[in-house]
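Chemist: Model the following, please.
(one chain, ligands or ions: 3)
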Amino acid sequence: MTIEPGPLLANIDSPDDLKKLSQDQLVQVCQELRQFIIDNVSIYGGHFGASLGVVELTVALHYIFKTPYDQLVWDVGHQAYGHKILTGRRDVFHTNRKYKGLSGFPKRKESIYDTFGVGHSSTSISAALGMAVASQYKGETEKQHIAVIGDGSMTAGMAFEALNHAGVTNSNLLVILNDNCMSIDPNVGALKEYLTDITTSATYNKVRDEIWNILGKISKFGPNAQQIASKVESGIKATLLKQSNLFESLKFRYFGPVDGHDVNHLTSVLNDLKNIPGPKLLHCVTVKGKGYALAEKDQTKWHSPGLFDKITGEIYKTVPEKPEPPKYQDVFGHTMVELAEQNDKIMGITPAMPSGCSLNIMMKAMPDRAFDVGIAEQHAVTFSAGLATQGLVPFCNIYSSFMQRAYDQVMHDVCLQNLNVVFCLDRAGFAGADGPTHHGTYDMAYMRCLPNMIVSAPMNEEELRNLMFTASQPDMGPFTIRYPRGEGVMPEWRTPLKKIEVGKGRVIQEGEEVAILTIGHIGNYAVEVCEKLSLEGLNPGHYDMRFAKPLDEEMLHDIMRRYDKIVTVEDGCLQGGFGSAVLEFMADHNYHAQVRRLGIPDKYFEHGSQLQLQHEAGFAPQDIEKAVRELMAQHVYAR
Ligand SMILES: Cc1ncc(C[n+]2csc(CCOP(=O)(O)OP(=O)(O)O)c2C)c(N)n1
Ligand SMILES: CC(=O)[C@@H](O)[C@H](O)COP(=O)(O)O
Ligand SMILES: [Mg+2]
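Modeler: Residues are numbered from 1 along each chain as shown. Ligands and ions are numbered 1, 2, ... in the order given. Next up is the predicted model:
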């Protein structure tokens, strides 16, 4: 079902169509765009509050700038739905985040208006600066470069690295700080407080408006006048804020704060800024979820609410007929509290994902022992390393794909010093609708190659709890536990905590001819397959290896002696992952068997449901079954 756009929006197939409208019509376009987003997301799902919050900004940007000639970069991109709808994708917007449909994030191969592929945060200023410097080099002096970055994303080191560089260039760069005081959860840290200070200083805001008017007039009279105005402006700002402006100190011209929901004022401000050269920052104050009361009120819940009734605001949930298994995330969150109650050395750390990974449960129960450090994966890892040097046991929970950003810290600050840091890598395997930026596909490969690192994956809730308990024991060194997004398999999951011997797997069933070696939750697919095959009298063995490093060599020697055919299954990359580890073991010990490795081959997978993607990659239940049957049908080669 496609959603009918309002009458103005129905005629906007590109920003050129938007530009044909009069200034007076922009408020209505914003209303229609907002409604179109609400209508679509309520039925088809996706990120919600962030796009509602930038409706006016999106319209103003495409109204004033000559996109796609002018380069507009959205940070993260979860707020870019309005941008997609205005840039020729309105009629296919219902396919957003669906298998083979539009991506939920800007993507270069999807549209010429998507100047840079995003999904991970805090890259926009660097990318836009790169574009601006390239334009300068090519003599494209008129070209504008705009990065739109949220206050949450601004907390990351990468954003500061980019500001630091941009400030000493004379590039034509406009950074728009979209300040809604929210990350997914409420934003945290000193920068947030600083921005709140600016936004709420009444005196400053009054004088700022006067300066803006003067500046607007003076800037028409040439560079000297502009310099004078700039000095006056900085002086007054500094006095009023009792400190120099952070962005001005980094040699940006700071403008704002402006009301990010006044589309007419925004167009006039952006028009003025176009004519001011050099790096500049516009501080734009918005409300996440703007225009949908419930989303304004509970912004975390409505960041990405799932399907809902747009009239009543009821978020649909299927009512289970029998008790359902919990999400791995909730098991992690509750187990953290349980472990921390028993062991006062345990601490919890998350870089900006407390509700996503469920560390919020511990943050509520033990606020002095659980930290949201902002979008700062690198800091989260080295902060954890620091805690570990003092004998504490940090559990640092990071989504598998976001951990890629902190790889050097894992190696240099944790593994090299053999510190006891537990890495809980959430969203391991295919993330689903978020797509390739968010799939947690590489962790087994990138963690396995680091000396001292233990790499494990639970097949169910009990295993997750026991691995967490094991990892919290003294002198374990760096310990990775990876698990996927979503439900496990055990409704009764509050099992007593037990220590697992590191490097020991589990026999799920002994069998004949073919051995299926699995790691992690995906092992449950092999259980299904074995049950199905047993009905035909076929009896493969199944082993839950639990550890990609160290491997259970004793078990592997036994398996290699007893089976001629091996299937390895992992929800991670085949290059360097668990299957590779098994092959290395076989080569090192001179074992020869027919091996099929199932997992994620060497290409990027787009978005879709986890199961759709697993099937495309070739390790959904039917693919495992097929591999086992094919191997069973093959002759045994000479060993
Ligand atoms: C490197 C990285 N870490 C974490 C995330 C998860 N994440 C996506 S959006 C978001 C909040 C961003 O806040 P902000 O930039 O202020 O945007 P808003 O949602 O408030 O519009 C977070 C933490 C991410 N995408 N990338
Ligand atoms: C845009 C972004 O990075 C997050 O909002 C992400 O989509 C959250 O993913 P989960 O829904 O799996 O927590
Ligand atoms: Mg924000």
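Chemist: what's the offset of stretch 393-413 from the middle of its chain?
Modeler: Distance of stretch 393-413 from the chain centroid (CA atoms, centre = their mean, to the nearest Å) equals 14 Å.
Chemist: That one: which residues count as buried?
Modeler: By 16 or more other CB atoms under 10 Å, the buried positions in stretch 393-413 come out as 393-407, 409-411, 413. Quick note: C-beta positions are derived from backbone N, CA and C, even for glycine.
Chemist: what does stretch 91-106 give?
Modeler: Neighbour-count burial for stretch 91-106 flags F93, H94, N96, R97, K98, G101, L102, S103, G104, F105, P106 (criterion: 16+ other CB under 10 Å).
Chemist: For P478, list the residues it contacts.
Modeler: Listed by CB atoms under 8 Å, 6 or more residues apart in numbering, the contact set of P478 reads V410, V414, C415, N418, L419, N420, V421, F423, L450, N452, M453, I454.
Chemist: Pull the most distant pair out of the buried residues of stretch 91-106.
Modeler: Across those, no pair lies farther apart than H94 and P106, at 18.1 Å, counting by CB to CB.
Chemist: Would you mind naming the residues that bridge with F479?
Modeler: Beta-bridge partners for F479, by DSSP bridges, are V422, I454.
Chemist: wait, what's in contact with it?
Modeler: Taking CB under 8 Å, 6+ apart, we find F479 in contact with N420, V421, V422, F423, M453, I454, S456, T470, A471.
Chemist: same deal with H615?
Modeler: H615 neighbours (CB under 8 Å, 6+ apart): Q622, D623.
Chemist: what about it, which helix or strand?
Modeler: In this assignment (DSSP states H and E), H615 forms part of helix 610-617.
Chemist: Can you tell me the SS state at the nearest residue to V168 once chain neighbours are set aside?
Modeler: Distances taken as CB to CB, 6 or more residues apart in numbering place K251 nearest to V168, at 6.2 Å, with adjacent residues excluded. Under the three-state scheme (DSSP: H, G, I helix; E, B strand; the rest coil), K251 adopts coil.
Chemist: 4 is where my numbering starts, stick with that
Modeler: Taking 4 as the first residue, the last one we looked at is K254.
Chemist: Touching, K254 and N173? I think so.
Modeler: No. K254 lies out of contact with N173 (CB atoms under 8 Å); the separation is 9.9 Å.
Chemist: what about these two, which has more around it?
Modeler: Remark: of K254 and N173, K254 carries more neighbours, 15 against 12, as counted by other CB atoms under 10 Å.
Chemist: And the more buried one, what's its pLDDT?
Modeler: On pLDDT, K254 comes in at 95.
Chemist: Which residue does the stretch 454-603 of the chain have closest to ligand 1?
Modeler: Nearest to ligand 1 in the stretch 454-603 of the chain, going by CB to the nearest ligand atom, is R488, at a distance of 13.0 Å.
Chemist: And the spatially closest residue to that residue that is not a sequence neighbour, how far from D446?
Modeler: Nearest non-adjacent residue to R488, counting by CB to CB, 6+ apart: R430, 4.7 Å away. Shown here: R430 relative to D446, a distance of 10 Å by CB to CB, to the nearest Å.
Chemist: and Y594, what are its phi and psi?
Modeler: Here is the backbone geometry of Y594 (degrees, to the nearest 10): phi -90, psi 140.
Chemist: So for it, what's the pLDDT?
Modeler: Y594 is given a pLDDT of 97.
Chemist: Surely it touches R565?
Modeler: No. If you go by CB under 8 Å, Y594 and R565 don't touch, sitting 11.3 Å apart.
Chemist: between the two, who's got more neighbours?
Modeler: Taking neighbours as other CB under 10 Å, Y594 and R565 compare with Y594 leading, 18 against 13.
Chemist: about what we covered before: tell me which residues in the next helix or strand after the helix holding H618 are buried?
Modeler: Sequence order places helix 624-636 as the next helix or strand after helix 613-620, per DSSP H and E. For helix 624-636, a neighbour-count test (16+ other CB under 10 Å) marks P624, D626, I627, E628, A630, V631, R632, L634 as buried.
Chemist: Check what pLDDT K313 gets.
Modeler: With respect to pLDDT, K313 scores 97.
Chemist: Filter the buried residues of stretch 396-416 down to just the ones in strands.
Modeler: Per DSSP state E, strands hold the following members of the buried residues of stretch 396-416: V396, P397, F398, C399, N400, I401, Y402.
Chemist: Is the helix holding H618 in proximity to ligand 2?
Modeler: No. Figure legend: helix 613-620 not in contact with ligand 2 (CB under 6 Å from any ligand atom); closest approach 10.9 Å.
Chemist: and the angle from that helix to helix 624-636?
Modeler: Using axes from the mean of the first three to the mean of the last three CA atoms, to 10 degrees, the direction of helix 613-620 lies 30 degrees away from that of helix 624-636.
Chemist: Please export the C-alpha coordinates of helix 613-620 as CSV.
Modeler: Listed next in CSV are the C-alpha coordinates belonging to helix 613-620 (Å, rounded to 0.1, in the frame of the first residue of the first chain):
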residue,chain,number,x,y,z
GLN,A,613,18.0,-11.4,9.5
LEU,A,614,16.5,-14.6,8.0
GLN,A,615,16.4,-13.2,4.5
LEU,A,616,20.0,-12.2,4.7
GLN,A,617,21.1,-15.5,6.3
HIS,A,618,19.5,-17.3,3.4
GLU,A,619,21.1,-15.0,0.8
ALA,A,620,24.5,-15.7,2.5
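Chemist: From the chain's centre, how far out is it? Work that out for me.
Modeler: Centre-to-centre, helix 613-620 and its host chain are 20 Å apart (CA atoms, centre = their mean).
Chemist: before we move on, what about stretch 152-169?
Modeler: Distance, stretch centre to chain centre, for stretch 152-169: 16 Å (CA atoms, centre = their mean).
Chemist: Just the terminal-to-terminal distance for it.
Modeler: Using CA to CA, to the nearest Å, the end-to-end distance of stretch 152-169 comes to 15 Å.
Chemist: which residues are in contact with that stretch?
Modeler: 53, 78-79, 82, 124-129, 132, 176, 178-187, 190-192, 194-195, 198, 250, 253, 255, 282, 355, 377-379, 381-382, 408.
Chemist: Please point out which parts of that stretch sit buried.
Modeler: Neighbour counts over stretch 152-169 (16+ other CB under 10 Å) mark 152-159, 161-163, 165-166, 168-169 as buried.
Chemist: And the strands in the stretch 454-603 of the chain?
Modeler: Listed in chain order, the strands found in the stretch 454-603 of the chain under DSSP state E, counting those that start in this stretch are 457-459, 482-485, 509-512, 517-521, 544-547, 550-552, 568-576, 597-603.
Chemist: Now do the last one: distance to the chain's middle.
Modeler: Mean C-alpha position of strand 597-603 versus that of the full chain (CA atoms, centre = their mean) differs by 28 Å.
Chemist: Please name every helix or strand in contact with that strand.
Modeler: Counting contacts by 3 or more CB pairs under 8 Å, 6 or more residues apart in numbering; DSSP states H and E, strand 597-603 is packed against strand 568-576, helix 581-591, helix 624-636.
Chemist: try 10 Å this time
Modeler: Packing contacts for strand 597-603, counted by 3 or more CB pairs under 10 Å, 6 or more residues apart in numbering; DSSP states H and E, involve strand 517-521, strand 568-576, helix 581-591, helix 613-620, helix 624-636.
Chemist: Repeat that for the fifth one.
Modeler: Applying 3+ CB pairs under 10 Å, 6+ apart, one finds that strand 544-547 makes contact with strand 509-512, strand 517-521, helix 526-537, helix 556-565, strand 568-576.
Chemist: Tell me which of the ones you listed sits nearest to D437.
Modeler: So among the helices and strands packed on strand 544-547, strand 568-576 is nearest, using CB to CB, at 15.2 Å.
Chemist: I'd like the mean pLDDT over the closest one, please.
Modeler: Strand 568-576 carries an average pLDDT of 98.
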